[in-house]
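> What would the 3D arrangement of this be:
(one chain, ligands or ions: 2)
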Amino acid sequence: MRILLLGGGGFIGSHVVDQLLQRTDHELVAYDLYDEKLVSGNGHSALKFIRGDIREDHERLGALVHESDLVVDLIAHANPSLYIKVPLDVVDLNFHENLFIAESCIKHSKRLIQFSTCEVYGKSVVPLVHDRLDDPDDPAFARFSEDTTHMILGPVSRHRWIYSCAKQLLERILHAYGLEDRLDYTIIRPFNFIGPRIDYLPSEGDGNPRVFSHFLQAILDGPSMQLVNGGSQRRAYTLIDDAVDCILRIIENPNGVCSRQIFNIGSPDNEVSIRELAEKMIKIYKRRWWDGHRALPRLVEVDGEEFYGSGYDDSDRRIPDITKARQLLNWEPRYTLDEVVERSMEYWCNGSNGSNEYNPTDTTP
Ligand code: NAD
Ligand code: UGA
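Numbers count the residues shown, from 1 in each chain. Ligands and ions are numbered 1, 2, ... in the order given. All right, here's what the predicted structure looks like:
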């Protein structure tokens, strides 16, 4: 099979490429602005990398879709700081450009795997009715299922939700094309994947990456880890190896079980508050790498709008219901929270700055 991976040079894309090269004989075309993360794939005869900007490349992309058997679309702005700073660019890339790809798939009758996000679920119901609940900490309030859970976003003035909204509208359009029998699609909703090659350290770029990279930078260079709005918000973290194992099963699509399905991919048992994540990273660093002298970062609370800018809002809690992936794909995440965090930290802390080779354990589907 010839697979076109749009955004194949990114964090998730580069791991998918690596594992496809190691475990299958599919022919791969990775299209991205960058190829620096395609470490082990570079030079492999089954991989062709095409550097390009989707926004200026529709003709070539139409032809690439036409030549492929399967299109995997990972292209997006995926960092919350961008939802605040450049909301229209987020809609442009994450909705309009991705819709162009979906419509190319329709035109050329190609199967599409579309990366969406767990952010489509928005907030849990708890912040809205907290005082009326006997047990607001019951995880059942934040366990989100693909086909039954309602989606709760904040007001328009909280433009952080534009990312969620753009991805949600794209999902609804794919669903509608499916209803008309015009598109064979699968939607993936990742729940906070982390691991080697995620983002970049804040000191390496001029952007604002996701939380893991901020906390790691603070551990390596100090002085403080900043806990946005106190750090009581919770996330469930998934090691990229577990995630890719599931993604490969979706790519193989045994007996067509993934057609017109939405899949949560995540580790429901790996839930942690952001404050606990910060404490855990410091604890692991002290045990594995600390020289006993250098100052470790302090935990400092910071207001969300101060950290990201006006219009920031947050998801309080989200836990994936992965019943569907278990039943249809026989998939189960294997890594505990401690393993996920430690393996992700190893990549940077064992070497100088992310130039390490990463050898995932065997996760053959
Ligand atoms: P990433 O930023 O590492 O990957 C996105 C890739 O798209 C990057 O390599 C980037 O260079 C490329 N890209 C951006 N604009 C482009 C353009 N104009 N033309 C060509 N390429 C362009 O992010 P990721 O974490 O690998 O996320 C991949 C997908 O999964 C995204 O759609 C994201 O929304 C979704 N997602 C990821 C997570 C996660 O846990 N990492 C969670 C939810 C959703
Ligand atoms: C992310 C992004 O929206 C997407 O990459 C993706 O769709 C999704 O979640 C995912 O990875 O599943 P979020 O989890 O909010 O959203 O992004 P992070 O930057 O990783 O932040 C996690 C939490 O840590 C947020 O509550 C944020 O406010 C907080 N944070 C962030 C801090 O407390 N300190 C920091 O230095 C950075």
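
> CA only for contacts and neighbour counts going forward, please
Noted.

> So residue 177 sits against residue 183, correct?
Yes: if you go by C-alpha atoms under 8 Å, residue 177 and residue 183 touch, sitting 5.7 Å apart.

> So for these two, which sits in the more crowded spot?
Under the neighbour definition other C-alpha atoms under 10 Å, residue 177 and residue 183 were set side by side, and residue 183 has more, 24 against 18.

> does residue 17 sit in a helix or strand, and which one?
Using DSSP states H and E, residue 17 maps to helix 11-23.

> what's that helix packed up against?
In this structure, helix 11-23 packs against helix 240-252, with contacts taken as 3 or more C-alpha pairs under 8 Å, 6 or more residues apart in numbering; DSSP states H and E.

> Is ligand 2 within reach of the helix it packs on?
No: Helix 240-252 lies out of reach of ligand 2 by C-alpha under 6 Å from any ligand atom, never closer than 11.0 Å.

> Measure how that helix sits relative to helix 11-23, angle-wise.
Inter-element angle recorded for helix 240-252 and helix 11-23: 70 degrees (by axes from the mean of the first three to the mean of the last three C-alpha atoms, to 10 degrees).

> Show me which positions of helix 240-252 end up buried.
240-252 (16 or more other C-alpha atoms under 10 Å).

> now do stretch 39-54
Using 16+ other C-alpha under 10 Å as the test for burial, stretch 39-54 gives 39-41, 46-50, 52, 54.

> can you list contacts of it?
By C-alpha atoms under 8 Å, 6 or more residues apart in numbering, the surrounding residues in contact with stretch 39-54 are 14, 17-18, 21, 25-35, 61, 97, 357.

> pull the CA atoms of it into CSV?
Output of stretch 39-54 as CSV, limited to C-alpha atoms (Å, rounded to 0.1, in the frame of the first residue of the first chain):
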residue,chain,number,x,y,z
VAL,A,39,15.6,10.4,12.2
SER,A,40,15.7,6.8,11.3
GLY,A,41,13.6,7.2,8.2
ASN,A,42,16.0,9.4,6.3
GLY,A,43,17.6,7.6,3.5
HIS,A,44,15.3,4.6,3.7
SER,A,45,14.3,3.3,0.3
ALA,A,46,10.6,2.9,1.2
LEU,A,47,10.3,6.6,2.4
LYS,A,48,10.1,9.6,0.2
PHE,A,49,10.1,13.0,2.0
ILE,A,50,8.5,16.0,0.3
ARG,A,51,9.1,19.4,1.8
GLY,A,52,6.2,21.7,1.2
ASP,A,53,3.6,24.1,2.7
ILE,A,54,0.1,22.7,2.2
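
> near ligand 1, which residues of this structure?
Within reach of ligand 1 by C-alpha under 6 Å from any ligand atom, the chain has these residues: 7, 9-13, 32-34, 52-55, 74-76, 78, 115-118, 190-193, 199.

> Weed out the non-buried ones from these.
The neighbour-count test (16+ other C-alpha under 10 Å) marks 7, 9-13, 32-34, 52, 54, 74-76, 78, 115-118, 190-193, 199 as buried among the residues of the chain next to ligand 1.

> Can you show me the helices along the stretch 1-150 of the chain?
11-23, 58-66, 80-85, 87-91, 98-107, 126-129 (DSSP state H, counting those that start in this stretch).

> Same list (those) but as a markdown table, adding distance to ligand 2 and mean pLDDT.
A markdown table is the format used below for these (distance: least, C-alpha to the nearest ligand atom, whole Å; pLDDT from 0 to 100):
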| stretch | distance to ligand 2 | mean pLDDT |
| --- | --- | --- |
| helix 11-23 | 10 | 97 |
| helix 58-66 | 24 | 98 |
| helix 80-85 | 5 | 95 |
| helix 87-91 | 11 | 98 |
| helix 98-107 | 15 | 98 |
| helix 126-129 | 14 | 96 |
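
> Tell me which of those sits nearest to residue 295.
When the helices of the stretch 1-150 of the chain are compared by C-alpha to C-alpha, helix 80-85 sits nearest residue 295, at 28.0 Å.

> now the closest one, how far from the chain's geometric center?
On the basis of C-alpha atoms, centre = their mean, to the nearest Å, helix 80-85 sits 15 Å off its chain's mean C-alpha point.

> In terms of secondary structure, what does the longest helix seen in the chain contact?
If you go by DSSP state H, the chain has its longest helix at helix 162-179. Here helix 162-179 touches helix 87-91, helix 98-107, strand 185-190, going by 3+ C-alpha pairs under 8 Å, 6+ apart.

> so how far is residue 349 from whichever residue of the chain sits closest to ligand 1?
Residue nearest to ligand 1 within the chain (C-alpha to the nearest ligand atom): residue 10, separated by 3.0 Å. Per C-alpha to C-alpha, to the nearest Å, residue 10 is found 21 Å from residue 349.

> Kindly report the same for residue 276.
Distance of residue 276 to residue 349, computed by C-alpha to C-alpha: 20 Å.

> okay, these two: which has more neighbours?
Neighbour count, other C-alpha under 10 Å: between residue 276 and residue 349, residue 349 has more, with 20 against 15.

> Who's the closest spatial neighbour of that one, skipping the chain neighbours?
Excluding the flanking residues, the one nearest residue 349 by C-alpha to C-alpha, 6 or more residues apart in numbering is residue 289, at 7.1 Å.

> Check residue 324 too.
Residue 324 sits nearest to residue 263 (C-alpha to C-alpha, 6+ apart), 6.9 Å away.

> Now that neighbour: which helix or strand?
Going by DSSP H and E, residue 263 is in strand 261-265.

> Determine the set of other helices and strands touching the helix or strand following that strand.
As assigned by DSSP H and E, the chain's next helix or strand after strand 261-265 is strand 271-273. If you count contacts as 3+ C-alpha pairs under 8 Å, 6+ apart, strand 271-273 packs onto strand 234-236.
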